[in-house]
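>>> Let's see this in three dimensions:
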Amino acid sequence: MTDVALEGKWKVLRLAGDVDMATGPAIRDAIAMLQEQGHLNLCIDLRRVAFLDSIGLGVLVAAYKGARRIGGQLRITGASVQILRLFELSGLSHILGPMPPTSA
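Here you go, the predicted model:
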């Protein structure tokens, strides 16, 4: 995980490196904490993510469900072609597909 920023109405979580069994739980906890703090609209920037496995996929699905539960939205930006393919193969591209950047 690299940093968290506020861009308009979106809380942006910029990730870097791998999102896998080693890092997934900490990322899941960080996202849950942001949602518990009332950040309804969360953008997860994957631009600097080199690898995302099934644990990482689960983290993103949990973030999506958490956003829906509190009446918010989740955006995924900056996903590589390989990560987009993972979304497609897992049948999750309809909820985790690419979104435009949040910058105003």
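
>>> burial of residue 70, as a residue count?
The criterion is other C-beta atoms under 10 Å. On that basis, residue 70 has 13 neighbouring residues. (Each C-beta comes from the backbone N, C-alpha and C, glycine too.)

>>> Could you measure from it over to residue 36?
With distances defined as C-beta to C-beta, to the nearest Å, the gap from residue 70 to residue 36 amounts to 9 Å.

>>> tell me what the host helix or strand of residue 25 is packed against?
In this structure, residue 25 sits in helix 24-36 according to DSSP states H and E. Using 3 or more C-beta pairs under 8 Å, 6 or more residues apart in numbering; DSSP states H and E as the contact criterion, the secondary-structure elements in contact with helix 24-36 are strand 10-19, strand 41-52, helix 54-69.

>>> Just put the ones you listed in a markdown table and tack on mean pLDDT, mean neighbour count and distance to residue 94.
Converted to a markdown table, these look like this (pLDDT from 0 to 100; neighbours: other C-beta atoms under 10 Å; distance: least, C-beta to C-beta, whole Å):
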| stretch | mean pLDDT | mean neighbour count | distance to residue 94 |
| --- | --- | --- | --- |
| strand 10-19 | 94 | 19 | 20 |
| strand 41-52 | 94 | 19 | 16 |
| helix 54-69 | 95 | 18 | 11 |
